[in-house]
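Participant: Fold the following, please.
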Amino acid sequence: MGVDAELAIPVIEFRTGSLDLERGTEGWHHLCKRVREACETYGCFEVVYEKISREVREETFELLNELVDVPLERKQLNVNPKPYHSYFGPCSQACLYEGFGIEDASNYDSVNNFAQLMWPDGHPRFR
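Facilitator: Residues are numbered from 1 along each chain as shown. Below you'll find the predicted structure:
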């Protein structure tokens, strides 16, 4: 007896002007519950927000797949003494989990330094 189920990351939509985004409303509590359940069950969820195009979301996931494919030895070069600011790879408790910390991720130079560390020969789309 086999299982043909496909793992699907939950998709949660955030809409501008929605009562779901007003703290304390019934919609807010329902949205918070969906986010909590997604995090507890899957460890993540996909955010859909009308101001972020489908193309940008798809390109982001493509780039993340390329990041996952970087050799482990190179990922382990991403070190930082601060907790959760380094590479965290699979372990016995979370064999499918990887995390990447980027110090000051809103700074172009920080992101560029991270990209150069992961792709020392350059990467045409990751900037």
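Participant: Which residue comes closest to Glu98 once chain neighbours are left out?
Facilitator: Of all residues beyond its chain neighbours, the one nearest Glu98 is Gly89 (5.6 Å), with distances taken as Cβ to Cβ, 6 or more residues apart in numbering. C-beta: built from backbone N, CA, C; applies to glycine.
Participant: Quick check: that neighbour touching Leu72?
Facilitator: Yes: under the contact definition of Cβ atoms under 8 Å, Gly89 touches Leu72, with a separation of 6.6 Å.
Participant: Next up, the contacts around the residue nearest to Glu98.
Facilitator: By Cβ atoms under 8 Å, 6 or more residues apart in numbering, the residues touching Gly89 are Leu72, Lys75, Gln76, Glu98.
Participant: for Glu37, same thing?
Facilitator: Pro10.
Participant: And stretch 88-105, what's buried?
Facilitator: The neighbour-count check on stretch 88-105 (16 or more other Cβ atoms under 10 Å) flags Phe88, Phe100, Gly101, Ile102 as buried.
Participant: Many thanks, have a good one.
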